[in-house]
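S.K.: below: sequence and its predicted model.
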Amino acid sequence: MLRAKLGKEVVVKAKNDIGRLFKLSKLLSDKGMNILAVSGAVYGEDCVIRLITDDHLRTMETLAAANYAPHEENVVLVELSHKPGMLKRVTETLAKEGIDIHHVFATALDEHDRSLVVLHSSNDAHALVKMVEMEAKEHAAATV
């Protein structure tokens with residue numbers, strides 16, 4: 001089963017140093033916030049960390065108060081079955097609609113039947129519509 005919704009991602013650009021992700025995660029966990037997904041990459045001397053949390057507004061406030069300069073980006077959160085071909089179906093649908101994926105990260109565990117895909121595209125609203133259409137088709141096929 002596929003489920004999709006719009007979400008907010010908190011993005012932090014900072015100097016890359018050892019322990020940066022530890023400092024961020026400690027700051028948020030000390031305030032009782034749960035990180036649902038994270039992506040990080042290094043670009044020269046800087047790093048970019050993307051966070052999906054259970055409270056993006058509190059995350060923004062907490063990081064800003066700690067002298068980070070966070071910003072929000074819209075994302076599409078797609079929860080889907082953890083089986084071969086699901087990412088292919090999602091990306092094929094978006095490609096056919098001319099939707100460019102700007103960044104994506106995903107996770108799944110072998111022992112679970114669900115996975116989470118976080119994506120930001122050239123048109124997140126249209127991407128969401130296409131994901132909801134996929135969801136409706138899956139639901140209709142499952143009830144037949």
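M.R.: Looks like it arrived, so ask away. Keep in mind that what you see is a predicted model, and the values were worked out from it rather than measured. Residues are numbered from 1 along each chain as shown.
S.K.: could you use CA atoms for every contact and neighbour count after this?
M.R.: Fine.
S.K.: pull out the buried residues from the longest helix anywhere in the chain.
M.R.: Criterion DSSP state H: the longest helix present in the chain is helix 124-142. Judged by neighbour count using 16 or more other CA atoms under 10 Å, the buried positions of helix 124-142 are 124, 127-128, 130-132, 134-135.
S.K.: over to stretch 38-57?
M.R.: Buried residues in stretch 38-57 (16+ other CA under 10 Å): 38, 47-53, 56.
S.K.: which residues touch that stretch?
M.R.: Stretch 38-57 is contacted by residues 8-16, 21, 33-37, 59, 105 when judged by CA atoms under 8 Å, 6 or more residues apart in numbering.
S.K.: and for stretch 58-70?
M.R.: By CA under 8 Å, 6+ apart, the residues outside stretch 58-70 that reach it are 10-14, 24, 27-28, 33, 53, 71-72.
S.K.: got TSV for those residues, with distance to His112 too?
M.R.: Output for the contacts of stretch 58-70, formatted as TSV (distance: CA to CA, whole Å):
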residue	distance to His112
Val10	26
Val11	28
Val12	30
Lys13	32
Ala14	34
Leu24	28
Leu27	29
Leu28	26
Met33	24
Thr53	21
His71	32
Glu72	30
